[in-house]
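**Student:** Output the structure for:
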Amino acid sequence: MKKKLLALVLFIVPVAVILAQVPPPPTQGDEDAGTPGASGTPIDQYIMILFGLAILLAVYRFWYLKRQQA
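**Tutor:** This next block holds a predicted model:
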């Protein structure tokens, strides 16, 4: 259990550091760069949703493997 917790913490800390960086200033020519789905930012607006889905998938996978071993 401690190994799983350590692996989870070692995964979350680098992601938190990446998300804590200051974003670059927007360009003057592209009005649409900050909106979701814009061509300039393909996944920037949805990174937290993807991160949450990854955590849910990992929790489900651990639960499924633990259930198979029992």
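**Student:** Tell me where the protein has helices.
**Tutor:** Assigned by DSSP state H, the helices in the chain fall at 2-19, 47-69.
**Student:** What's the mean pLDDT across the longest one?
**Tutor:** Helix 47-69 carries an average pLDDT of 91.
**Student:** For that helix, enumerate the helices and strands it packs against.
**Tutor:** With contacts defined as 3 or more Cβ pairs under 8 Å, 6 or more residues apart in numbering; DSSP states H and E, the packing partners of helix 47-69 are helix 2-19. The way it works is simple: take the backbone N, C-alpha and C, and place the C-beta from them, glycine included.
**Student:** Mind listing residues that contact the helix it packs on?
**Tutor:** For helix 2-19, the external contacting residues (Cβ atoms under 8 Å, 6 or more residues apart in numbering) are 47-48, 51, 58, 62.
**Student:** what sits against Phe51?
**Tutor:** Val15.
**Student:** And for the one 4 residues further on?
**Tutor:** Ile55 makes contact with no residue under the criterion Cβ under 8 Å, 6+ apart.
**Student:** Right, I'll leave it there.
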